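> Predicted model, plus sequence, below.
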Amino acid sequence: MSKKYCRIAVDGKPTWGLVEGENIAVIDGDLFSNFAVTKRNVPLAGARLLAPVTPTKIVCVGLNYADHVKESQSANAIPEEPVTFMKPLTALIGPEDTIRMPLASKRVDYEGEIGVVIAKTCRKLSPEKIRENIFGVTCVNDVTARDLQKKDVQWTRGKGFDTFCPVGPYLVTDLDYLALDVKSRLNGETRQSSNSRNMIFAIPQLISFMNHVMTLNPGDLIVTGTPEGVGPMSDRDTVEVEVAGIGILRNYAKLDS
C-alpha cells in the first residue's frame, strides 16, 4: 500500500510528515534512518509544504523520451547511453514557490518529470537491485534556460540557476513507476502528456547506469527525463507538473531582479 510523505515547517523547523486523509501526522526523526510517526497531527489544508526531498545530490537524465529527442535543440538522434547531468542543491524549491527566471536568459522552459528518491547508500547495483533500493517517487520540474544550454554546449549553467528544480508536493512509496502518467500544464493548458512506459531507458536501467559512476546516498534525487512538449515560461505564468498517484506540483514564474 502506498504511503504519502511530505515535509512541513513545525515550530519553525522542517519536519517530515505522513499524509493521512485530511491530516498530516508529524514524524519524529529522519525518514531515511530511524523515525516514528507521532500522534501529533497538522491539518493538510493550509499546511505550508516544503520540497519533500533532502538529497546530497540531484542527478538528472536528459533526452529520455524519443519524442522529446525530436524536438530537442541538444541532439538529433536517440542516445546510446543515458545522458546525465547534475543540478546544485541551491536549485531546489518546493510546491507553490517562485521560479526566478534570470535576466541573462531569453528563454526559460518548464520540463515536467518523474523524480525518484534513493532509499539506502548504494554503489554499482544492477537494475534488479536498484528496484529494491527505490524509496519513492515525486514530481519534478527540470527548469532550463534553453538559450544558455544551447550556447554553452555543457548544461551546468542552463540547468543550474537558483530555483531551477521545483520538487513536490509529496514523496510517495510503492507506485508502479514503470507505468506512470506525467503531465505539465502552463496556465491551465496541458502542454506535456506521456507515460514512463515511453522512456528510452527505464528507471532501473538509468539509475543503475548512474550508480556505476557514483555512489548514491539515502534521499538522493534522480530526475528521469521529460517527454515532448517543453516550452517557455513568461513572467507571472503558473506551471503545474502532475504525476499519477502523487499530486500536482505548482509553481509561479517571475522575472528575477
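Everything's here; your move.

> Roughly how far does residue 225 sit from residue 169?
21 Å (CB to CB, to the nearest Å). Every residue, glycine included, has its C-beta placed from N, CA and C.

> count of neighbours near residue 6?
Using other CB atoms under 10 Å, residue 6 has 27 other residues around it.

> Same check on residue 213?
What residue 213 shows, counting by other CB under 10 Å, is a neighbour count of 12.

> Neighbours of the residue lying closest to it once chain neighbours are set aside, how many?
What sits nearest to residue 213 in space, not counting adjacent residues and going by CB to CB, 6 or more residues apart in numbering, is residue 84, at 7.5 Å. Residue 84 has 17 neighbours, counted by other CB under 10 Å.

> just the one 10 residues further on next, same as before
Residue crowding around residue 94 was assessed by other CB under 10 Å; the count is 21.

> confidence score at it?
Note for residue 94: predicted pLDDT of 98.

> mind listing what the closest residue to it other than its chain neighbours touches?
Counting by CB to CB, 6+ apart, residue 94 lies nearest to residue 51, which is 3.9 Å off, once chain neighbours are set aside. Contact analysis of residue 51 by CB atoms under 8 Å, 6 or more residues apart in numbering lists 7, 92-95, 166-168.

> cutoff 10 Å now
The contact partners of residue 51, taken as CB atoms under 10 Å, 6 or more residues apart in numbering, are 6-7, 14, 92-95, 97, 138, 140, 165-169, 171, 221, 249.

> Mind checking which of these are buried?
Among those, the ones that count as buried by 16 or more other CB atoms under 10 Å are 6-7, 92-95, 97, 138, 140, 165-169, 171, 221, 249.

> Those in helices, which ones?
The helices, defined by DSSP state H, take in nothing from the buried ones among the contacts of residue 51.

> Of these, which belong to strands?
Counting by DSSP state E, those place 6-7, 92-93, 138, 140, 165-169, 171, 221, 249 in strands.

> what two of these are the furthest from one another?
The span of those, defined through CB to CB, is set by 6 and 165 at 17.3 Å.

> for stretch 177-188, the distance to its chain's centre please.
Distance of stretch 177-188 from its chain centroid, counting by CA atoms, centre = their mean, to the nearest Å, is 12 Å.

> same deal with stretch 198-211?
Centroid separation for stretch 198-211 versus its chain: 15 Å, with CA atoms, centre = their mean.

> State the mean pLDDT of that stretch.
Stretch 198-211 carries an average pLDDT of 98.

> What are the buried residues along it?
198-204, 206-211.
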